[in-house]
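J.: Provided below for reference: sequence and predicted model.
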Amino acid sequence: NDYFDCMSGPVHRHEGEVLKFIGDGFLAIFPIKDDLDRDRACNTALKAAMESLDALKELNVGRRTAGKPPLEVGIALHVGSVMYGNVGAAERLDFTITGPAVNLVSRIETLCRDLHYPLLTSAQFASPCGSTLRSIGMHRLRGVAAPQEIYTLPEMAERQLDAVNA
């Protein structure tokens, strides 16, 4: 619960919505009113993600002090159209979002673990964020025909470069 509090708190503070908890992860959205609102939503979601990472660092300080292992996270951000509503069978409905954008962000999230980055985004998400994000190259994603350009925070890209060169 401490983990979910520190990770989802910034989402709520920045007017995002946590739609569901899935195992040790969750799915959140930052609604976009119209095409002109996209840049604001992307920058707001990025700010919430960065605050979540900061909160996790603080949580891990307490965990280390208590002799517990640190928690790691993978945050994936993407912007795109989704469908939402009650989905399922007649006996069991679940309110959720679906669509290619959800599938793409899920595939990007798996890269977090594979590439050892705590935060990755799609090119579509990075575009309105200007120089706040840095490309780490093209990557193949399961179930996605064309390789996708993936971005992260500059300090994370530098840290990874330093680790590879060491």
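T.: That came through, no problem.
J.: Output stretch 140-147 as PDB, nothing but the C-alphas.
T.: Extracted in PDB, the C-alpha atoms of stretch 140-147 (Å, rounded to 0.1, in the frame of the first residue of the first chain):
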ATOM      1  CA  ARG A 140      11.100  -3.600 -31.600                       C
ATOM      2  CA  LEU A 141       7.900  -4.200 -29.500                       C
ATOM      3  CA  ARG A 142       6.000  -7.500 -29.500                       C
ATOM      4  CA  GLY A 143       2.900  -7.200 -31.600                       C
ATOM      5  CA  VAL A 144       3.900  -3.900 -33.200                       C
ATOM      6  CA  ALA A 145       4.900  -4.000 -36.800                       C
ATOM      7  CA  ALA A 146       7.400  -1.200 -37.000                       C
ATOM      8  CA  PRO A 147      10.200  -0.400 -34.600                       C
END
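J.: which other residues reach it?
T.: Contacting residues not belonging to stretch 140-147 are listed as Asn103, Leu104, Arg107, Ile108, Thr110, Leu111, Met138, His139, Gln148 [CB atoms under 8 Å, 6 or more residues apart in numbering]. (C-beta placed from N, C-alpha, C; glycine too.)
J.: what's the longest helix in this protein?
T.: Counting residues, the longest helix found in the chain (DSSP state H) is helix 38-65.
J.: Beyond that one, next helix or strand please.
T.: Sequence-wise, the next helix or strand downstream of helix 38-65 (DSSP states H and E) is strand 75-77.
J.: what helices or strands is that following strand leaning on?
T.: helix 38-65, helix 100-115, strand 119-122 (3 or more CB pairs under 8 Å, 6 or more residues apart in numbering; DSSP states H and E).
J.: again, only this time at 10 Å
T.: Here strand 75-77 touches strand 25-29, helix 38-65, helix 100-115, strand 119-122, helix 123-126, going by 3 or more CB pairs under 10 Å, 6 or more residues apart in numbering; DSSP states H and E.
J.: Next secondary structure after that strand?
T.: Note on strand 75-77: by DSSP H and E, the next helix or strand toward the C-terminus is strand 83-89.
J.: any idea which helix or strand comes after that next one?
T.: For strand 83-89, the succeeding helix or strand toward the C-terminus, using DSSP H and E, is strand 92-98.
J.: relative to strand 83-89, how tilted is that following strand?
T.: Here strand 92-98 runs at an angle of 150 degrees relative to strand 83-89 (axes from the mean of the first three to the mean of the last three CA atoms, to 10 degrees).
J.: and strand 92-98, which strands flank it?
T.: In the sheet, strand 92-98 lines up against strand 83-89 (antiparallel) (DSSP bridges).
J.: for the partner strand, what is the average pLDDT?
T.: Computed over strand 83-89, the mean pLDDT rounds to 88.
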